[in-house]
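Asks: need coordinates for the below:
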Amino acid sequence: MTGEIAIAGVLVHPLLIAAILAFAAAEVTGWALGRLGLYRFVWHRGLFDIALTVILWAGLAAILTHTPLPTAFGLSL
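Replies: Residues are numbered from 1 along each chain as shown. Model (predicted):
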């Protein structure tokens, strides 16, 4: 795990930044899915939105902390 990032003299953990960016990206994606009418294919919108946010958060956290994402069966892509 890397150290904190200094923003205007305040030390901020990279996972907090990843969480904020993931939430914003999930909101934009949810808005686009709603405008395109693709939410009709989703069984439970709330669960889908939470899962989307968690997946985006994991991806952004891996990018910001330079950690490889876990893969199935230990295979690397």
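Asks: residue contacts, L11?
Replies: By CB atoms under 8 Å, 6 or more residues apart in numbering, the residues touching L11 are E4, I5. C-beta here means a position set from N, CA and C on the backbone, and glycine is covered the same way.
Asks: what about it, distance to A61?
Replies: 17 Å (CB to CB, to the nearest Å).
Asks: and the next helix or strand past the helix or strand harbouring L11?
Replies: Secondary-structure assignment from DSSP states H and E places L11 in strand 10-12. Tracing the chain past strand 10-12, the next element assigned as helix or strand by DSSP H and E is helix 14-36.
Asks: buried sites along that following helix?
Replies: Buried residues in helix 14-36, counted by 16 or more other CB atoms under 10 Å: P14, I17, A18, A19, L21, A22, A25, A26, G30, L33.
Asks: quick check, pLDDT for the nearest residue to the last one once chain neighbours are set aside.
Replies: To tie it back to what came earlier, the one meant is L33. Spatial nearest neighbour of L33, chain neighbours left out: Y39 (5.4 Å); criterion: CB to CB, 6 or more residues apart in numbering. With respect to pLDDT, Y39 has a value of 93.
Asks: does Y39 count as helix, strand or coil?
Replies: helix (DSSP: H, G, I helix; E, B strand; the rest coil).
Asks: number of nearby residues for it?
Replies: For Y39, the neighbour count with other CB atoms under 10 Å is 13.
Asks: need the contact list for it.
Replies: Counting by CB under 8 Å, 6+ apart, Y39 has contacts L33, R45, F48.
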